Structures are given as C-alpha cells and as structure tokens.
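S.K.: give me a model of this one.
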Amino acid sequence: METNIINNIVMEAKTILYVEDDSVVLTAYRNRLEQEGFQVDTAQDGLEAMKLLSMLVPDLVILDLMLPKINGAEVLKYIRSHPRLKAVPVIILSTNSFINLSQEQVLESANKRFIKDNCTFPMLLQAIHELLAEPAVEDEARATGRVDNAFAIKLTPAAA
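M.R.: Residues are numbered from 1 along each chain as shown. Purely as a prediction, here's the structure:
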C-alpha cells in the first residue's frame, strides 16, 4: 500500500527559461532539456525574456549575452533587481567572453558562466542539477553571487 502511495506522487518538472537568439541552438538544447524532464520556456531576445520574466518565475535561467533588442547583461540586471526573481539561479552561456568594465559587476551575479565552445551538454546539465539541488538561501546571498570560474567550459549542440 505504501509503495502505491509513493508511485502516485507526481513530481513537478522544474522550469528553465532559456534565452538564446540562435534558433538552431535554442531548439537543440530545449529538446535535450525536455528529454531530461525539464519544462523549458524560451525567448529569442532580451526584451522577450524580460516580458516572460514579468509573468513567471522560473527555477533557473540559461542566458546568452549577445542578444538582440536588450543584451544578456541587462536581462541579468533586471533579474537581480526584482525581489521575486533575484534568487533565481542564472547560468550565462555565451560565445562572448569579452566583458566590459561596466558589465562586470552585473555578470558577477550569475551563478555560473560558460563559453559555448568549451562546454558540453553533460557539463551544462551537471551545472543545472547542482544549482537546482542547492538548498534555498537568502535572496541577498544568492543575488550577490557565487560565481564559478568565469567562462571556463564548452557547449556544443548534440546530434539529434
């Protein structure tokens, strides 16, 4: 009887907002993340991401820096400035390793930062699981950020 109760418990999928302007990369990773059991919402520019974030609070955000309309650094700034969003873990996943001094402080608030060319899907997935498994922390502690080695890993689209 106890086993049946446990088997009937449905685990709610964690929601990831993936912000990426390259539709091929976006589709490939959305599909892979959905295969891993995540609910994936997507945005192809910074403005669209901010509109989505005004309506939902994802469990995690994967964010490209080089975005049309509003860049990723501005989206991250938006996330960290809103009380209901600032505790959301953010993974920067970008081809852009250049950070200008005006963006550095904002980008420091990302939980992890990877360069696409140096990151595999399993590495990204491991980072996602690590961030989602962390116990809840005070909003201020998360917002001020634990940042893993900036731009250290490679992500390449997996074969379908």
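S.K.: where's residue 73, which helix or strand?
M.R.: Assigned by DSSP states H and E, residue 73 belongs to helix 72-81.
S.K.: residues in contact with that helix?
M.R.: 19, 46, 49-50, 53, 61, 63-67, 85-86, 88, 90, 92, 94, 103, 106-107, 109-110, 143 (C-beta atoms under 8 Å, 6 or more residues apart in numbering). For every residue, glycine as well, the C-beta is placed using N, CA and C.
S.K.: can you give me the buried ones in that helix?
M.R.: Buried residues in helix 72-81, counting neighbours by 16 or more other C-beta atoms under 10 Å, are found at 72-80.
S.K.: any idea which helix or strand comes after that helix?
M.R.: According to DSSP H and E, the helix or strand after helix 72-81 is strand 90-94.
S.K.: related to what we said a few turns ago, and the contacts of helix 72-81, which of them are buried?
M.R.: 19, 46, 49-50, 53, 61, 63-65, 67, 85-86, 88, 90, 92, 94, 103, 106-107, 109-110, 143.
S.K.: among these, which are located in strands?
M.R.: In strands, judged by DSSP state E, the following of these are found: 19, 61, 63, 90, 92, 94.
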